[in-house]
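>>> What follows is a predicted protein model with its sequence.
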Amino acid sequence: MKKLNKSMIIVALLFSMGANATPLYTKCAACHGEKGEKVSLGKSLIIKDMDKDAFIAALKGYKEGTYGREMKAMMKAQVMMFSDEQMKEIANYIVKK
């Protein structure tokens, strides 16, 4: 039942984000906002305001365990599966600079 609920939430987020959304960003939207406009859990930067190089470097740093503070472990788990190309795809979707 929990898997079904999570799937329904993901599908709903995809539809609410529109046709231009990358499915890779779907799990990020819950904390960072549909357009990267939120301060996640009151602790993160607003990711839409980052430049693409800094955003990608942060994702790679989380993956390698070399970036982050109190949310480092949680973010590492979130980005572990992303390839460099997928990180670029997310950056191209969410970061406008």
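Done, it's in.
>>> distance of the spatially most central residue of the chain from Thr22?
The geometric centre of the chain, computed from its C-alpha atoms, lies nearest to Cys28 (C-alpha atoms, centre = their mean), at 3.4 Å. Going from Cys28 to Thr22 by C-beta to C-beta, to the nearest Å gives 10 Å. Every residue, glycine included, has its C-beta placed from N, CA and C.
>>> what's the helix or strand for the residue nearest to the centre of the chain?
helix 26-32 (DSSP states H and E).
>>> Buried by neighbour count: which residues of that helix qualify?
For helix 26-32, the neighbour count (16 or more other C-beta atoms under 10 Å) marks Thr26, Cys28, Ala29, Cys31, His32 as buried.
>>> Just give the closest residue to the fourth one, not the sequence neighbours.
By that I understand Cys31. Distances taken as C-beta to C-beta, 6 or more residues apart in numbering place Ser40 nearest to Cys31, at 4.0 Å, with adjacent residues excluded.
>>> which residues touch that neighbour?
Counting by C-beta atoms under 8 Å, 6 or more residues apart in numbering, Ser40 makes contact with Cys31, His32, Met71.
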